[in-house]
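Engineer: here are the coordinates; sequence isn't available:
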């Protein structure tokens, strides 16, 4: 009987989560629509935009760049293995190239926001839980790992305005990405 009560409670929570996700997506879409008329152009110099487009062409399934929104995203599979906050070796090159673009002296007046994400899977492995007790911790550690790699690769701190860490149910889209 208690098991069924717990299952019913989990189902209600899942339903609530889905409503929050839908509302979040609606708000995100409204924010984008409100911003669109005032966004007159990409804030990046043309050379930086070109380099980001080349980076996207080189890593089409792993890196996306949208100059109309001035947003770059790294796909979930690129940066981290499940339950880990260590940058994957094969991701270092694209992160380094990204940092080089923003380390360029022509790129000024641009703030970089680094968002670390985690999914809604409960952290079950004891080894992982000892380092990241919750998905909130994991998402924070992921954001810090990306910041560290970008800094070591030439991006100066004054171009990084904020670290953000997100875990389910807030925004489940990607495990980790950078927004500028």
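Structural biologist: Structure's in. What do you need? What you see is a predicted model, and the numbers here were worked out from it, not measured in a lab.
Engineer: Strands along this structure, start to end?
Structural biologist: 63-66, 71-74, 112-118, 160-167, 176-179 (DSSP state E).
Engineer: Confidence-wise, which of those strands is weakest overall?
Structural biologist: For these, mean pLDDT drops lowest on strand 176-179, to a mean of 40.
Engineer: Can you pull the phi and psi angles for residue 109?
Structural biologist: Dihedral pair for residue 109: phi 70, psi 20, per degrees, to the nearest 10.
Engineer: give the contact list for it.
Structural biologist: residue 43 (CB atoms under 8 Å, 6 or more residues apart in numbering). Every residue, glycine included, has its C-beta placed from N, CA and C.
Engineer: Can you check the pLDDT for it?
Structural biologist: 72.
Engineer: Please report how far it lies from residue 66.
Structural biologist: Residue 109 sits 19 Å away from residue 66, taking CB to CB, to the nearest Å as the criterion.
Engineer: Next: residue 1.
Structural biologist: According to CB to CB, residue 1 stands 51 Å off from residue 66.
Engineer: what's the longest helix in the chain?
Structural biologist: Ranked by residue count under DSSP state H, the longest helix found in the chain is helix 2-35.
Engineer: how about it: buried residues?
Structural biologist: Buried positions in helix 2-35, judged by neighbour count with 16 or more other CB atoms under 10 Å: residue 21.
Engineer: burial measure for residue 138, as a count.
Structural biologist: When neighbours are counted by other CB atoms under 10 Å, residue 138 registers 26.
Engineer: so who does it touch?
Structural biologist: 83, 85, 116, 118, 123, 128, 132, 167.
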